[in-house]
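Visitor: Dropping the sequence and predicted coords here.
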Amino acid sequence: MHTPRGCQQLMVWLLICVAWLAPLAWSAEPAVDVTAMPAEPLSLTAFVALLEDPERSLTLADVQAPAQAVRFKTNLPASSALTLGFTRSAYWLRLTLRNPGTTPREHMLVVDNPRISQIQAYLPDALGTYQTITTGCDIPASRIYSNRNFVFPLTLPPASEQVLYLRMESSIGLLIPLQLWSAPAFHAHERDDYLVQAWYFGIASAMILFNLMLFFALRDRIYLFYVAFVTSTACTLAIKNGLAGELLWGGTVLDSNVAYYSGASLTVSALLLFMRRMLRIDQLMPRVDRLLLGLVAVFLLSPLAYAVALPLLARGAILLYLASVVVILVVVVSCAFKRQRSAYFFLAAFALLMLGGATTPLRAMGIVPTNAFTVDGIQLGSALEMLLLAFALADRFNVMRREKAKVQAQLLHAQQQLVDSLKSSERELEQRVAERTDELQLLNNKLAALSLTDSLTGIANRRHFDSVLRQEWQRAQRQNTPLALAMLDVDWFKRYNDHYGHPAGDLCLRQIAQTLAATVCRSSDLVARYGGEEFVFIAPMTDAAAALDIAQKVVDAVAALALPHASSALGRVTVSIGVVAMLPSPDSSPEVLLQHADAALYLAKTQGRNRAELATA
């Protein structure tokens with residue numbers, strides 16, 4: 001059956017009409033008149049059409065074809081950014097720019113988010129031929145315009161209309177703040193923007209140098225932890241803001257989202273370590289301290305996971321960061337309720353930092369809008385935290401200085417009293433001087449004894465132990481003789497305290513200390529209370545077998561006391577001991593003995609307690 005010639009002509013005309021009308025159908029989004037732009041940047045969310053590409057397979061020719069062109073979503077709500085969340089899809093943006101004027105117009109198309117993994121910009125020239133520009137934070141050294149954001153210079157000929165296409169995808173949350181600037185306005189904004197960035201990083205650099213000097217002057221590791229925190233924070237923000245390529249060595253590699261998430265993890269790790277030191281969490285809340293150390297381990301290992309599968313882990317990482325913020329706040333508030341002075345400063349200094357830091361993941365998840373505060377909230381919070389913490393560190397130094405001045409004043413007062421007393425009677429001067437000298441000597445002897453003795457148990461304290469350990473280590477090095485060390489811990493002692501009460505716990509510790517002193521009885525040996533329910537003894541010129549034998553005698557002697565312990569699996573008070581003996585070498589230190597003894601003690605506990613275990617030194 002043949003189609004009449006008239007019908008064929010009609011079909012041809014219909015096809016021509018469809019070809020002409022198709023562009024009108026997919027260009028329903030309003031065109032931007034560049035001659036009528038405001039002085040401020042123009043947000044383009046209401047002017048673009050959006051197409052999702054779940055398979056990430058569409059090309060420019062595909063999205064220009066009528067079948068795909070009609071799928072673009074138009075009439076998007078006016079906002080500062082398109083919030084597309086954590087998605088593995090690619091998204092195409094179509095934008096129409098019109099210049100009805102008689103002169104060319106120069107503008108800047110800005111994607112104000114340096115964390116987009118990949119961007120393909122298809123920009124038409126005067127002949128309508130599209131130029132392809134591929135860039136993104138995961139594509140090193142790819143920016144055609146030197147700026148921390150993704151900037152595309154545009155020139156619109158007079159009396160022209162251009163259709164631009166942008167294809168974007170990201171390994172983390174996809175947030176697209178798309179703006180159009182006039183060239184002069186953008187250059188002015190660019191100068192101000194970099195001035196703000198320089199202001200922040202200048203503050204960070206000053207705080208790093210200041211606290212480094214304090215660390216070298218005071219030898220307090222809290223300042224070193226703070227330097228690590230400020231350094232990792234500044235580096236992470238440099239990556240977040242697209243400045244890594246300009247400020248950091250190897251910045252083109254560090255500009256990726258893997259580096260960004262890894263930097264955030266290192267920052268949280270340094271913050272947790274600093275908080276533990278500043279608030280003495282290991283002493284106030286030992287169980288919470290173990291939780292914090294676990295979080296530190298997770299964050300230190302997370303960069304390896306990000307390098308392998310960041311797109312799969314990005315959403316979970318955001319939730320982990322938010323959970324860490326909650327944990328830190330709970331810990332700090334708990335310390336504040338315990339009236340710890342440092343907690344007040346920490347809470348004041350870091351509340352703004354945590355609030356500012358929380359805006360970044362909440363913005364990425366689309367929960368909070370994109371504005372000046374949510375974009376740079378963490379930077380603002382970090383700067384305020386640095387300034388507030390400077391007062392905290394100054395307070396710490398002032399407290400130390402006041403305590404020193406108080407002691408000096410007391411000494412001066414005592415000396416003045418002595419002088420006044422001596423002047424009260426010249427005839428008794430010699431006798432009074434002799435009496436006072438004897439009294440002072442006696443007091444000094446008592447103070448010296450008290451400073452080296454544990455007040456509860458009557459044996460040597462931690463200070464005496466540390467001093468003797470260093471002396472014996474040096475002597476063993478000179479004489480090339482073995483030095484043995486044992487670390488003792490009362491099994492399930494917290495349960496004992498909880499069940500019998502602290503007075504009974506103190507009595508128990510005194511009995512164990514007496515048993516330890518009676519068992520380790522050589523004049524050259526030293527027994528000491530290391531802290532809490534932990535004891536140690538040093539045995540010079542003692543090899544591993546002899547040291548283990550002494551430790552086993554201590555275990556048996558404590559068990560022989562038959563002190564009831566209802567909360568122990570053994571029914572009585574027992575101890576676990578870790579033993580180590582070694583020949584000190586010039587390139588080692590006494591801390592090696594402590595580490596091995598602690599490891600052996602841990603082994604004794606895991607092997608069932610009520611035993612002594614020998615470390616391999």
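Guide: Yes, it's here. Numbering: from 1, shown residues only.

Visitor: In the stretch 201-350 of the chain, where is pLDDT below threshold?
Guide: Per-residue confidence for the stretch 201-350 of the chain (pLDDT under 70) gives these ranges: 247-253.

Visitor: Which residue ranges of it form helices?
Guide: Counting by DSSP state H, counting those that start in this stretch, the stretch 201-350 of the chain forms helices over residues 221-240, 244-247, 251-254, 257-279, 281-284, 286-337, 341-364, given from the N-terminal end onward.

Visitor: by contact count, what packs against the fourth one?
Guide: Read it as helix 257-279. Of the remaining helices and strands, those touching helix 257-279 by 3 or more C-beta pairs under 8 Å, 6 or more residues apart in numbering; DSSP states H and E are helix 221-240, helix 286-337, helix 341-364. Using the backbone N, CA and C atoms, a C-beta is placed for each residue, glycine as well.

Visitor: just those helices: most buried one?
Guide: helix 221-240 (a mean of 22; mean count of other C-beta atoms under 10 Å).

Visitor: okay, the angle between it and helix 257-279?
Guide: Between helix 221-240 and helix 257-279, the angle formed by their directions is 160 degrees, by axes from the mean of the first three to the mean of the last three C-alpha atoms, to 10 degrees.

Visitor: how about helix 221-240 as PDB, C-alpha atoms only?
Guide: What follows is helix 221-240 as a C-alpha-only set of coordinates in PDB (Å, rounded to 0.1, in the frame of the first residue of the first chain):
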ATOM      1  CA  ARG A 221      52.500  17.600  76.200                       C
ATOM      2  CA  ILE A 222      49.100  19.300  76.300                       C
ATOM      3  CA  TYR A 223      50.500  22.100  74.100                       C
ATOM      4  CA  LEU A 224      51.900  19.500  71.600                       C
ATOM      5  CA  PHE A 225      48.400  17.900  71.400                       C
ATOM      6  CA  TYR A 226      46.900  21.300  70.800                       C
ATOM      7  CA  VAL A 227      49.400  22.100  68.100                       C
ATOM      8  CA  ALA A 228      48.500  18.800  66.400                       C
ATOM      9  CA  PHE A 229      44.800  19.700  66.600                       C
ATOM     10  CA  VAL A 230      45.200  23.300  65.200                       C
ATOM     11  CA  THR A 231      47.500  22.100  62.500                       C
ATOM     12  CA  SER A 232      45.200  19.300  61.300                       C
ATOM     13  CA  THR A 233      42.200  21.600  61.600                       C
ATOM     14  CA  ALA A 234      43.900  24.300  59.400                       C
ATOM     15  CA  CYS A 235      45.000  21.700  56.800                       C
ATOM     16  CA  THR A 236      41.500  20.100  56.700                       C
ATOM     17  CA  LEU A 237      39.900  23.500  56.200                       C
ATOM     18  CA  ALA A 238      42.400  24.400  53.500                       C
ATOM     19  CA  ILE A 239      41.300  21.200  51.700                       C
ATOM     20  CA  LYS A 240      37.600  21.900  52.400                       C
END
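
Visitor: Need the contact partners of it.
Guide: If you take C-beta atoms under 8 Å, 6 or more residues apart in numbering as the criterion, helix 221-240 is touched by 114-115, 200-201, 204-205, 207-208, 211-212, 214-215, 244, 247-248, 254-255, 259-260, 263-264, 266-267, 269-271, 273-274, 277-278, 360, 378-379, 382, 386, 389, 393.

Visitor: wait, which of the helices and strands packed on helix 257-279 is closest to Leu614?
Guide: helix 286-337 (26.4 Å; C-beta to C-beta).

Visitor: Please state the offset of that closest one from the chain centre?
Guide: Shown here is helix 286-337, whose average C-alpha point lies 9 Å from the average C-alpha point of the whole chain (C-alpha atoms, centre = their mean, to the nearest Å).

Visitor: Could you dump the helices and strands packed on helix 257-279 into JSON lines with distance to Gln415 added?
Guide: Written out in JSON lines, the entries for the helices and strands packed on helix 257-279 read as follows (distance: least, C-beta to C-beta, whole Å):
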{"stretch": "helix 221-240", "distance to Gln415": "35"}
{"stretch": "helix 286-337", "distance to Gln415": "40"}
{"stretch": "helix 341-364", "distance to Gln415": "31"}
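
Visitor: Out of the ones you listed, flag the one nearest Gln595.
Guide: Comparison of the helices and strands packed on helix 257-279 against Gln595 by C-beta to C-beta identifies helix 286-337 as nearest, at 16.4 Å.

Visitor: Tell me the spacing between Pro41 and Ala183.
Guide: Separation of Pro41 from Ala183 (C-beta to C-beta, to the nearest Å): 12 Å.

Visitor: Between those two, which has more neighbouring residues?
Guide: Comparing Pro41 with Ala183 by other C-beta atoms under 10 Å, the one with more neighbours is Pro41, at 20 against 14.

Visitor: wait, what's in contact with the residue sitting nearest the centre point of the chain?
Guide: Note on the chain: the residue nearest the mean C-alpha position is Val268, at 1.7 Å, using C-alpha atoms, centre = their mean. Contacts were defined as C-beta under 8 Å, 6+ apart; by that measure Val268 touches Leu295, Phe299, Tyr321, Ser324.

Visitor: The last one: what's it in contact with?
Guide: Listed by C-beta under 8 Å, 6+ apart, the contact partners of Ser324 are Val268, Leu272, Leu295, Phe299.
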